[in-house]
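> Predicted coordinates and the sequence they were generated for:
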Amino acid sequence: MDVVLYEFLVDVPRAAAIWSALLVLALTVLTVLVARPEREATLSPPAATSDPAAPDPADLRRYAEEVAVAAAGAAQTARRRRERWLTAQERVEQAWRAYDEAETTARRFAGATALPAPRTPRTPAEYVARERFLHRAAMAAYWRGDLSVRQLSDVFARRNGWDPRLHPVVQEAILHRVVRDLRRVEYRTAAERERVAWRQAEVAATAARSLAAEASLAAERLRASTRTVVATRRLPGAIRLASRWRPARVG
């Protein structure tokens, strides 16, 4: 009886120590199992940010730079086209003023030819004087830019209605009528060039606006991607901090 009691008193503390060790081990394992899912949940966001379908920041940066360069070039082209159009518009105004002056002068001389021509003796000297007058008037008009080289050659060759035997008043009326017709052609040519320049300026301006909008959108996508990368790089520190302190709170 004493032996049994002695063995019982000796084994009870030993069993209590064993159970205490097992209990501590169980609590430790439980703590690790509780903390581990939280760490895995904390580590899940980086896996989401490393989506293979997400655009590469380097590609976004390269595209944004290319679009920015293209937008800058398009803006310069638009400015050049606009300056060209403004120049063409000024030339149209100048051509219109020149045509209007030539029309007024031609109309005035056309009214003068309606009156009877002064009587002059029809002698060889008179015809020589008329021819000399026509040549001087044609040369003066040529140096002013009122006649082309071909028209001047027509005067000296007596082609296309140029007759040195006509009265100087009639000759001058013909000369101003030819100048008026030339100014009208120049005005129409300038007006057509102005319309072409305006269409080109509009196309260039539309392209510049489109590329500027695309460059702005590409820059915004690059900024958003950069913010995502920065947030991803900062996340591991927060993960380590959470994994370090979360088990202490659980225990």
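Sure thing, it's come through.
> Restricting to C-alpha, output stretch 151-164 in CSV.
This file holds the C-alpha atoms of stretch 151-164, laid out as CSV (Å, rounded to 0.1, in the frame of the first residue of the first chain):
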residue,chain,number,x,y,z
GLN,A,151,2.7,89.8,-123.0
LEU,A,152,5.6,92.2,-123.5
SER,A,153,6.9,90.1,-126.4
ASP,A,154,3.4,90.2,-127.8
VAL,A,155,3.5,94.0,-127.8
PHE,A,156,6.8,94.1,-129.8
ALA,A,157,5.6,91.3,-132.1
ARG,A,158,2.2,93.0,-132.7
ARG,A,159,0.3,89.9,-131.6
ASN,A,160,-3.0,89.4,-129.6
GLY,A,161,-4.5,92.7,-130.5
TRP,A,162,-1.5,94.9,-130.1
ASP,A,163,-1.5,97.4,-133.0
PRO,A,164,1.0,100.3,-132.8
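> how about that stretch: buried residues?
Of the residues in stretch 151-164, 151-152, 154-155, 162, 164 count as buried by neighbour count, 16 or more other Cβ atoms under 10 Å. Every C-beta, even on glycine, is put in place using the N, C-alpha and C of the backbone.
> Check the model's average confidence along that stretch for me.
The pLDDT scores in stretch 151-164 average 86.
> repeat for stretch 110-127
68.
> what's the first-to-last distance across that stretch?
One end of stretch 110-127 sits 22 Å from the other (Cα to Cα, to the nearest Å).
> Can you pull out the low-pLDDT segments for the chain?
The chain contains residues with pLDDT under 70 at 1-55, 111-121, 228-251.
> Please convert the buried residues of stretch 151-164 to JSON lines, extending it with distance to R227 and secondary structure.
Below are the buried residues of stretch 151-164 laid out as JSON lines (distance: Cβ to Cβ, whole Å; DSSP: H, G, I helix; E, B strand; the rest coil):
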{"residue": "Q151", "distance to R227": "72", "secondary structure": "helix"}
{"residue": "L152", "distance to R227": "74", "secondary structure": "helix"}
{"residue": "D154", "distance to R227": "77", "secondary structure": "helix"}
{"residue": "V155", "distance to R227": "79", "secondary structure": "helix"}
{"residue": "W162", "distance to R227": "81", "secondary structure": "coil"}
{"residue": "P164", "distance to R227": "87", "secondary structure": "coil"}
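> which one of those residues is nearest R80?
Proximity of the buried residues of stretch 151-164 to R80 (Cβ to Cβ) peaks at Q151, which lies at 35.0 Å.
> if I pick that closest one, what's in contact with it?
Residues in contact with Q151 (Cβ atoms under 8 Å, 6 or more residues apart in numbering) are 138, 142, 160, 178, 182.
> redo that, cut-off 10 Å
138, 141-142, 159-160, 162, 175, 178-179, 181-182 (Cβ atoms under 10 Å, 6 or more residues apart in numbering).
> Which parts of this structure are helices?
With DSSP state H, the ranges of helices along the chain come out as 2-49, 57-113, 124-144, 149-157, 168-250.
> Show me what the longest one is packed against.
Yep, that's helix 168-250 we're talking about. Packing partners of helix 168-250 (3 or more Cβ pairs under 10 Å, 6 or more residues apart in numbering; DSSP states H and E): helix 2-49, helix 57-113, helix 124-144, helix 149-157.
> Give me the angle between it and helix 149-157.
Here helix 168-250 runs at an angle of 170 degrees relative to helix 149-157 (axes from the mean of the first three to the mean of the last three Cα atoms, to 10 degrees).
> quick one: helix 168-250 to helix 57-113, angle?
Using the same axes, to 10 degrees: helix 168-250 against helix 57-113 is 160 degrees.
> quick one, helix 168-250 and helix 124-144 angle?
10 degrees.
> just to revisit the earlier point, closest one to W96 out of the contacts of Q151, please.
Relative to W96, the closest of the contacts of Q151 is L182; by Cβ to Cβ it sits at 14.0 Å.
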